[in-house]
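J.: Only the shape, not the letters, is given here:
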């Protein structure tokens with residue numbers, strides 16, 4: 001069957017089922033037609049209906065092997081199966097015989113919206129081997145897998161069964177992964193949150209290519225936050241806002257040159273514009289429901305971005321007040337180049353937005369300052385002073401400590417925020 005000029009192009013599980021059915025009818029006729037098998041056989045042990053059914057299966061199998069069926073003739077048979085409300089094992093076996101070409105396979109799965117087919121198809125291995133992406137001549141194609149499209153469509157009716165199938169599968173095909181995330185979004189919150197561990201553990205967002213997948217995952221994050229599944233939504237936020245660095249790039253062989261290396265900005269694992277849109281448009285549920293926790297994620301990612309851009313051979317520089325934030329962000333409240341923000345500026349925008357949104361909430365601001373004080377870089381002292389400056393709450397002890405810190409007093413890169421806070425405190 002696998003070498004058949006037409007049937008050989010089908011997915012392997014169809015041919016596996018073809019062989020299984022062939023062996024089944026073969027055993028039936030050996031048992032009921034060979035003389036030595038009939039010696040002690042009772043007349044009533046095989047019914048006429050059984051004989052007709054097995055003969056029909058044999059006839060259909062031989063027909064598929066020997067006759068080139070017109071394409072639309074098969075489509076008509078598939079439409080009959082698609083109209084079956086309660087499919088049975090016999091219907092599923094019939095489907096395995098009717099699928100002749102890959103186009104027939106796609107037709108059935110693209111049209112099928114009946115969740116009752118799911119256990120029958122799963123039993124026959126329909127969801128065991130996702131299609132891989134195709135790389136050739138420097139190009140990559142993410143081939144749609146009709147079976148995963150079916151799973152995503154029926155997930156709202158059979159969410160737990162669909163998840164149990166998806167959690168067993170491994171693929172880097174973004175088309176398939178996108179269907180998996182769509183299935184998660186259509187699932188109930190209790191099932192949808194289970195996908196979080198899959199996304200993080202299998203690093204779906206850290207592939208070489210991501211296309212629309214981050215936006216789809218952000219939709220799942222938004223769903224979970226709205227449903228009150230904050231822990232899993234925060235886990236997705238932590239994954240979505242991960243940053244990476246390429247390391248220093250050598251541009252000169254002169255060991256004495258201060259410009260021997262350039263230090264590229266930290267990047268997200270996908271497009272920066274997409275990164276910004278997700279943070280600005282998909283995090284409102286977390287910003288309202290878990291402001292301190294999402295603030296902590298932004299602060300931690302900001303620290304990681306600074307570390308990833310650290311100069312080689314100057315590790316001490318990472319622990320003091322001179323990490324150049326006063327150059328790439330002279331005004332703590334606004335990016336230097338509007339519309340051309342990098343990861344650090346995008347994250348810092350959201351940190352500032354959260355401070356402004358909760359300027360009158362003493363309890364939340366106290367927790368914000370605790371998170372900021374855990375970080376040693378000058379940028380976080382600048383943010384802390386800005387928080388004291390805009391807050392309407394009493395932070396007398398914190399303000400006194402930071403304004404009297406000799407290191408801060410002499411740090412030229414903190415002057416803007418320092419003098420603002422000093423002017424407010426001693427008008």
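T.: Received it, and whenever you're ready, just let me know what you need. Since we're looking at a predicted model, the values are computed, not measured.
J.: Helix or strand with the lowest mean pLDDT in this protein?
T.: Taking mean pLDDT, DSSP states H and E as the measure, the helices and strands of the chain show their lowest mean at helix 35-38, namely a mean of 56.
J.: Give the residue spans of the chain that score low on pLDDT.
T.: For the chain, the stretches flagged by pLDDT under 70 are 1-15, 17-18, 21-22, 33-46, 54-71, 100, 258, 311-322, 336-340.
J.: ranges for the strands of it?
T.: The residue ranges that make up the strands of the chain, judged by DSSP state E, are 134-136, 139-141, 243-244, 249-250, 261-262, 267-268.
J.: most neighbours per residue, which of these?
T.: Of all the strands of the chain, strand 267-268 has the most neighbours on average by mean count of other CB atoms under 10 Å, namely a mean of 21. All C-beta spots, glycine's among them, are computed from the backbone N, C-alpha and C.
J.: The nearest residue to residue 277 once chain neighbours are set aside and residue 227, how far apart?
T.: If the residues on either side of it in the chain are set aside, residue 277 comes closest to residue 215, at 7.8 Å by CB to CB, 6 or more residues apart in numbering. Using CB to CB, to the nearest Å, residue 215 is found at 19 Å from residue 227.
J.: Skipping its backbone neighbours, what lies nearest residue 241 in space?
T.: Of all residues beyond its chain neighbours, the one nearest residue 241 is residue 301 (5.1 Å), with distances taken as CB to CB, 6+ apart.
J.: Number of residues surrounding the one you found?
T.: Using other CB atoms under 10 Å, residue 301 has 24 neighbouring residues.
J.: try residue 292
T.: Neighbour count for residue 292, taken as other CB under 10 Å: 16.
J.: hang on, it packs against residue 365?
T.: No - Residue 292 is not in contact with residue 365 according to CB atoms under 8 Å; the separation is 9.8 Å.
J.: I'd like the distance between the nearest residue to residue 384 once chain neighbours are set aside and residue 334.
T.: Closest residue in space to residue 384, ignoring its immediate chain neighbours: residue 372 at 4.7 Å, by CB to CB, 6+ apart. Distance of residue 372 to residue 334, given as CB to CB: 19 Å.
J.: Tell me which of those two has more neighbours.
T.: Using other CB under 10 Å as the criterion, residue 372 and residue 334 rank with residue 372 on top: 22 against 12.
J.: for the residue nearest to residue 384, what are its contacts?
T.: For residue 372, the contact set (CB atoms under 8 Å, 6 or more residues apart in numbering) comprises 299, 380, 383, 384, 387.
J.: where does residue 112 fall, phi/psi-wise?
T.: Summarising the backbone geometry of residue 112 under the convention degrees, to the nearest 10, its torsions are phi -80, psi 130.
J.: Tally up the residues packed near it, please.
T.: With neighbours defined by other CB under 10 Å, the count for residue 112 comes to 23.
J.: can you check the one 5 residues further on too?
T.: Residue 117 is flanked by 22 other residues according to other CB under 10 Å.
J.: for residue 161, same thing?
T.: Using other CB under 10 Å, residue 161 has 17 neighbouring residues.
J.: Just to check, it is in contact with residue 120?
T.: No - under the criterion of CB under 8 Å, residue 161 lies out of contact with residue 120, with a separation of 11.9 Å.
J.: can you tell me which of the contacts of residue 372 are in helices?
T.: Restricting those to those inside helices, with DSSP state H as the criterion, leaves 299, 380, 383, 384, 387.
J.: List only buried entries from those residues.
T.: Applying 16 or more other CB atoms under 10 Å to these, the neighbour count classes 299, 380, 383, 384, 387 as buried.
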